[in-house]
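Participant: predicted structure and sequence below. I'll ask about it afterward.
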Amino acid sequence: GPAWRSISPRWKASRGFEMLTRAQKQEQIDSLKGSLAPAEGVFVMDFTGLSVGEVTELRRKVKEASADYLVVKNTLAKLALAGSVNEPVKALLDGPCAVAYTSADAAALAKALAEFAKTHDKLKFRGGFVSGQLLDPKQAQQVATLPSKPELVARLLFMLQSPMRRLVVALNWPTRSLAV
């Protein structure tokens, strides 16, 4: 195209090249602070090569796991994470990446991401931050194999009920033999 296109502000604005104002950047930082800082589990993903349809499907799966998925501008995300509990996540933000985060169950989110990654090999774990631990890509993926909170609660209740059930059976045993 013509040389003037490379410098014309009107042409750039018409093509979506408009730079964010300082106020808009601050607004994004504050928004990211509000969502990333209190998150229990944060996973940084490389989504390079996924189509718009695939990203939409991934967002739906992440939502089903009571979580959120954001494509972030690294410099803004690093500023938002500064001074928060999740500050170590900054080390994972390099190149095009997205952040999946939850305040609910990190294992459920990791499962949703891992299941999607199985069928879409372009989605890759960059790492994560769960329960105060910075995870490498392999460890972040392993979180998906952990049981979810409801599963753990169910297992615990079953283990607590088991001795009680044995006691009840043992106490009822003599009365059963009399009834026959």
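Facilitator: Yep, that arrived.
Participant: from here on, just use CA atoms for contacts and neighbour counts.
Facilitator: Fine.
Participant: do you know how far residue 139 is from residue 109?
Facilitator: 14 Å (CA to CA, to the nearest Å).
Participant: of these two, which one has the most company?
Facilitator: residue 109 (28 against 14; other CA atoms under 10 Å).
Participant: which pLDDT value goes with the residue nearest to the more buried one when sequence neighbours are not counted?
Facilitator: Excluding the flanking residues, the one nearest residue 109 by CA to CA, 6 or more residues apart in numbering is residue 65, at 5.4 Å. In the prediction, the pLDDT value recorded for residue 65 is 92.
Participant: before we move on, what SS does residue 96 have?
Facilitator: Counting by DSSP: H, G, I helix; E, B strand; the rest coil, the backbone at residue 96 sits in coil.
Participant: list the contacts for it?
Facilitator: Each residue near residue 96 by CA atoms under 8 Å, 6 or more residues apart in numbering is listed here: 46, 47, 48.
Participant: show me where this protein has its helices.
Facilitator: Listed in chain order, the helices found in the chain under DSSP state H are 9-14, 22-36, 52-64, 74-81, 106-119, 137-142, 149-179.
Participant: and the residue nearest to residue 32 when sequence neighbours are not counted, how many residues sit next to it?
Facilitator: Excluding the flanking residues, the one nearest residue 32 by CA to CA, 6+ apart is residue 80, at 5.8 Å. The number of residues packed near residue 80 is 24, by other CA under 10 Å.
Participant: so for residue 80, what's the pLDDT?
Facilitator: Per the predicted model, pLDDT is 91 at residue 80.
Participant: hmm, residue 27 and it touching each other?
Facilitator: No: using CA atoms under 8 Å, residue 80 is not in contact with residue 27, being 10.4 Å away.
Participant: by mean pLDDT, flag the weakest helix or strand of the protein.
Facilitator: Ranked by mean pLDDT, DSSP states H and E, the weakest helix or strand in the chain is helix 9-14, scoring a mean of 62.
Participant: let me see the contact set for residue 90.
Facilitator: Residue 90 sits next to 77, 78, 81 when contact means CA under 8 Å, 6+ apart.
Participant: which of the residues you listed has the most neighbours?
Facilitator: Highest count within these by other CA under 10 Å belongs to residue 77, 23 neighbours.
Participant: residues touching that residue, list them.
Facilitator: Contacts for residue 77 (CA under 8 Å, 6+ apart) come out as 29, 32, 90.
Participant: residue contacts, residue 59?
Facilitator: 68, 69.
Participant: any idea how far residue 28 is from it?
Facilitator: 19 Å.
Participant: same question for residue 124.
Facilitator: On the measure of CA to CA, residue 124 and residue 28 end up 25 Å apart.
Participant: now residue 57
Facilitator: 24 Å.
Participant: more crowded one of the two?
Facilitator: Shown here are residue 57 and residue 28; by other CA under 10 Å, residue 28 has more neighbours (18 against 13).
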